[in-house]
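J.: I'll drop the sequence and a predicted model, then ask my questions.
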Amino acid sequence: MTALLSLQNVSKRFRGLVAVDGVSFNVNEGEIFAVIGPNGAGKTTLFNMIAGALEPNQGSIVFDGAPIHGLAPDTVCRRGIARTFQLVRPFPALSVEDNVVVGALLHRRGVGEAHERARALLRRFDLFERRHQPASALTLPDRKRLEVVRALATEPKLLLLDEVVAGLRPTEVDRLVGVLKELNRDGGLTILMIEHVMRAVMALAGRVLVLDHGIAIAEGTPDAVVHDPAVVQSYLGAEAV
Amino acid sequence: MTPAALARLGGGTSRHIVILLMLLLAVLLAPWAVNDYLLTVLIVILYSAFTGQAWNIMMGFAGQLSLGHALYAGLGAYVAAVLFVDYGIGPWIGFLAAVPVAMACGAVIGFLAFRFGVAGVYFAILTIAFAEFARIGFDHLPAVNASAGLFLPVRQATRNDVWHLRGSPTMFYYVILAATVAAFVLCRLLLKSRMGYFWLAIREDEEAARAAGVNTFRYKMYAVMISAALTSFAGVFYAFFYNNLFPEQVFSIGRSIEMILGPVIGGIGTLFGPILGAFVLTGLAEALNAVMAFYGLDIPGAKQVLYGICLLVVIVALPEGVWPPLARRLGVGKDKL
């Protein structure tokens, strides 16, 4: 298997705080890879560096054979990495459909074509009925789904999901997990996800990386990782071991 | 224009066509129905609608607050006036010369702001600063007669000369009417284009727009340059309508503020908002004038106070502006116009 995304010794410091400390890992083409860890472990910082929102102080990020660290977010997106935000950020005053059209226009010239593509995606994610509503009128689960749809509309090779199922009811988690699995299996979409909800991680991820205080403390299959003593210690405290 | 094309411009329903056709008919026949004074008022209203439409591209579409748009109108006015006074070059060629000047100025301001992350209220201050530079600079520029002002030669024309913009108020009325209609059509096309979607995305959430692959720097630059180019035409018109230019007047911050009042009151980001706002504001101001003249009052600054009250009422009672609720009442989608 070839690595679609490869991080080598990536670090990010904010003043004195080392948020991400020498992290290396590969995400292979076609897999679903999860990054987990307690709050403040550096997961979102790591994400922001991959997506171009932050520049690493050190290390390299290679995507699809070319270095991308330090590139602007829109350039990274054009190369084929789309992201969602942990705190959702749809375009509030735009209709649900127009939100997706913005993404679909990245690789399309025609507005009509982009609308067709947007409607097809909205159907798949059960948002078609709400396509004329402003995004601000949607419920949180719907806004989360809308973010995923907008990201997918840019036709990424790699989808970055930042806690996309957090705050959803278990049935909603299962539905979203189902669609993501389908996209991965049928569309060959590679997914890198940050997730707190272990239900989603166990159901989706082929491999998991565990971050704690900016350091990668474990990597492996979900089953192996949740039984790793270092992971149990970081999540539950030393006394529990 | 065929009814079908009109329908597409107006949003596609017959209601739109009827309303647009009625409006068009009313403004086309207006010069026969009103006296010279009211015709001048209509010219001022359309001028304000035109500049409001141009400003709206930046603020209403791309979300960039410019409080220095007098700069682009002033540049347009001075470029065309100097070419006419010193070289005898007509206003339409003058406009073609003014466009690149205004665009270049907009590009410089845009580049400085967007490249170095000057946004929001700081961007607004930067635009004011450039307009003030221009005001002070032109005030001391001998080539344009500095603070003594530039005067365009007025000939007693026997017939209307559209090519040289010399003629009766009726001719000026039709010129600014055509420009306002053209600006409306242009803005509608822009809004429905790929670029329009990217502008709205930037206005709504710039970081999310970048994450969706929008090159926000580039599209903000397009917005400021297109808006500047369009505004410069207003300046050309101003120069040839009033025939005198003083830096203190054309570049004053008061002019910039007047330009934004129409869209703010009519509805920022809508296509009819700037037009409706211009009618409401200038209409009320002229009504106030008439009332004061009737009672023999002369209160300096009354117009500005009226503008302030209008602004206050709209911000408190109709934060979207006057047009969006009116559009809903008329049954025409506000997102379409």
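T.: Perfect, thanks for sending it.
J.: show me where the chain has strands.
T.: Looking at chain A here, since you left the chain open. A:3-14, A:17-28, A:32-36, A:58-63, A:66-67, A:81-83, A:158-162, A:190-194, A:207-212, A:215-220 (DSSP state E).
J.: right idea, wrong chain: chain B
T.: Counting by DSSP E, residue ranges of the strands within chain B are B:150-151, B:244-245.
J.: Chain A is nearest to which of these?
T.: Closest to chain A of the strands of chain B, according to Cβ to the nearest Cβ: strand B:244-245, at 39.4 Å. For glycine as for every other residue, the C-beta is placed from the backbone atoms N, C-alpha and C.
J.: May I ask you to confirm that residue B:187 is in contact with residue B:53?
T.: Yes. Using Cβ atoms under 8 Å, residue B:187 is in contact with residue B:53, at 5.7 Å.
J.: Who has more neighbours out of these two?
T.: When residue B:187 and residue B:53 are compared for neighbours, residue B:53 comes out ahead with 31 against 22, by other Cβ atoms under 10 Å in any protein chain shown.
J.: ok, now how distant is the residue most central in space within chain B from residue B:275?
T.: Among the residues of chain B, the one closest to the centroid is residue B:51, at 0.4 Å (Cα atoms, centre = their mean). Plainly put, residue B:51 is 11 Å away from residue B:275 if you go by Cβ to Cβ, to the nearest Å.
J.: Overlap of the contact sets of these two?
T.: Residues touching both residue B:51 and residue B:275 by Cβ atoms under 8 Å, 6 or more residues apart in numbering or on different chains: residue B:262.
J.: shouldn't residue B:258 be in contact with residue B:48?
T.: Yes. Between residue B:258 and residue B:48 a contact is recorded at 7.0 Å, counting by Cβ under 8 Å.
J.: Comparing those two, which residue is more hemmed in?
T.: When residue B:258 and residue B:48 are compared on other Cβ under 10 Å, the one with more neighbours turns out to be residue B:48, at 25 against 22.
J.: List the buried residues of the lengthiest helix in chain A.
T.: The longest helix of chain A (DSSP state H) is helix A:170-187. In terms of neighbour count (16 or more other Cβ atoms under 10 Å in any protein chain shown), helix A:170-187 has its buried residues at A:172-173, A:175-177, A:179-180, A:183-184.
J.: got a markdown table for those residues, with pLDDT and distance to chain B too?
T.: Shown next, in a markdown table, are those (pLDDT from 0 to 100; distance: Cβ to the nearest Cβ, whole Å):
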| residue | pLDDT | distance to chain B |
| --- | --- | --- |
| A:172 | 85 | 22 |
| A:173 | 85 | 23 |
| A:175 | 86 | 24 |
| A:176 | 86 | 19 |
| A:177 | 88 | 23 |
| A:179 | 88 | 20 |
| A:180 | 90 | 18 |
| A:183 | 90 | 18 |
| A:184 | 92 | 21 |
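J.: residues contacting the closest residue to residue B:186 other than its chain neighbours?
T.: In space, and not counting its chain neighbours, residue B:186 is closest to residue B:230: 7.4 Å by Cβ to Cβ, 6 or more residues apart in numbering or on different chains. The neighbours of residue B:230, taking Cβ under 8 Å, 6+ apart as the test, are B:53-54, B:57, B:183, B:186.
J.: roughly how far apart are residue B:230 and residue B:80?
T.: Distance, residue B:230 to residue B:80, by Cβ to Cβ: 15 Å.
J.: List, one by one, the residues from the stretch 101-250 of chain B near chain A.
T.: Within the stretch 101-250 of chain B, the positions adjacent to chain A are B:192-194, B:197-198, B:200-201, B:204-205, B:207-216 by Cβ under 8 Å from any Cβ of the partner chain.
J.: So what's the residue count around the spatially closest residue to residue B:49 that is not a sequence neighbour?
T.: Once flanking residues are discounted, residue B:49 sits nearest to residue B:278: 3.9 Å by Cβ to Cβ, 6+ apart. Neighbourhood size, residue B:278 [other Cβ under 10 Å]: 28.
J.: Over to the one 3 residues further on?
T.: Around residue B:281 sit 25 other residues, with neighbours defined as other Cβ under 10 Å.
J.: and what of the one 5 residues further on?
T.: Residue B:286: 18 surrounding residues under other Cβ under 10 Å.
J.: Then residue A:144?
T.: The tally of other residues near residue A:144 (other Cβ under 10 Å) stands at 24.
J.: pretty sure it is in contact with residue A:168, am I right?
T.: Yes. Using Cβ under 8 Å, residue A:144 is in contact with residue A:168, at 6.9 Å.
J.: can you give me the mean pLDDT across stretch B:199-219?
T.: Per-residue pLDDT over stretch B:199-219 has a mean of 95.
J.: same thing with stretch B:321-330?
T.: 86.
J.: in it, what counts as buried?
T.: B:321-324, B:326-327.
J.: Next up, the contacts around residue B:122.
T.: Applying Cβ under 8 Å, 6+ apart, the residues near residue B:122 are residue B:113.
J.: Assess the claim that residue B:52 and residue B:274 are in contact.
T.: Yes. Here residue B:52 reaches residue B:274: they are 3.2 Å apart, a contact under Cβ under 8 Å.
J.: More neighbours: which of these two?
T.: residue B:274 (36 against 32).
J.: ok, now how distant is residue B:323 from chain A?
T.: As judged by Cβ to the nearest Cβ, to the nearest Å, residue B:323 and chain A stand 15 Å apart.
J.: That residue and residue B:276 touch, don't they?
T.: Yes. In this structure, residue B:323 is within contact of residue B:276 by Cβ under 8 Å, at 5.0 Å.
J.: in stretch B:18-38, what counts as buried?
T.: So for stretch B:18-38, counting by 16+ other Cβ under 10 Å, buried means B:19-20, B:27, B:30-31.
J.: These in helices, which ones?
T.: Mapping these onto helices (DSSP H) picks out B:19-20, B:27, B:30-31.
J.: now those residues as CSV including distance to residue A:56 and pLDDT?
T.: Shown next, in CSV, are these (distance: Cβ to Cβ, whole Å; pLDDT from 0 to 100):
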residue, distance to residue A:56, pLDDT
B:19, 56, 79
B:20, 55, 79
B:27, 59, 86
B:30, 64, 84
B:31, 66, 86
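J.: about what we covered before: of the strands of chain A, give the one that comes closest to chain B.
T.: Set against chain B and scored by Cβ to the nearest Cβ, the strands of chain A come closest in strand A:81-83, at 5.4 Å.
J.: Show me what the closest one is packed up against.
T.: Packing partners of strand A:81-83 (3 or more Cβ pairs under 8 Å, 6 or more residues apart in numbering or on different chains; DSSP states H and E): helix A:43-51, helix A:140-153, strand A:158-162.
J.: interface residues of chain A facing chain B?
T.: Counting by Cβ under 8 Å from any Cβ, the residues of chain A near chain B are A:51, A:53, A:72-74, A:77-78, A:82-83, A:85, A:89-95, A:98, A:101-103, A:105-106, A:109-111, A:114, A:150-151, A:153-154.
J.: From those, list just the buried residues.
T.: A:51, A:53, A:73-74, A:77-78, A:82-83, A:85, A:89-91, A:94-95, A:98, A:101-103, A:105-106, A:111, A:114, A:150-151, A:153-154.
J.: related to what we said a few turns ago, show me just the buried residues among the contacts of residue B:230.
T.: B:53-54, B:57, B:183.
J.: contacting residues around the worst-scoring helix or strand of chain A on mean pLDDT?
T.: Lowest by mean pLDDT, DSSP states H and E among the helices and strands of chain A is helix A:229-236, with a mean of 78. Under the criterion Cβ under 8 Å, 6+ apart, residues A:37-38, A:210, A:212, A:217-218, A:225-226, A:240-241 lie in contact with helix A:229-236.
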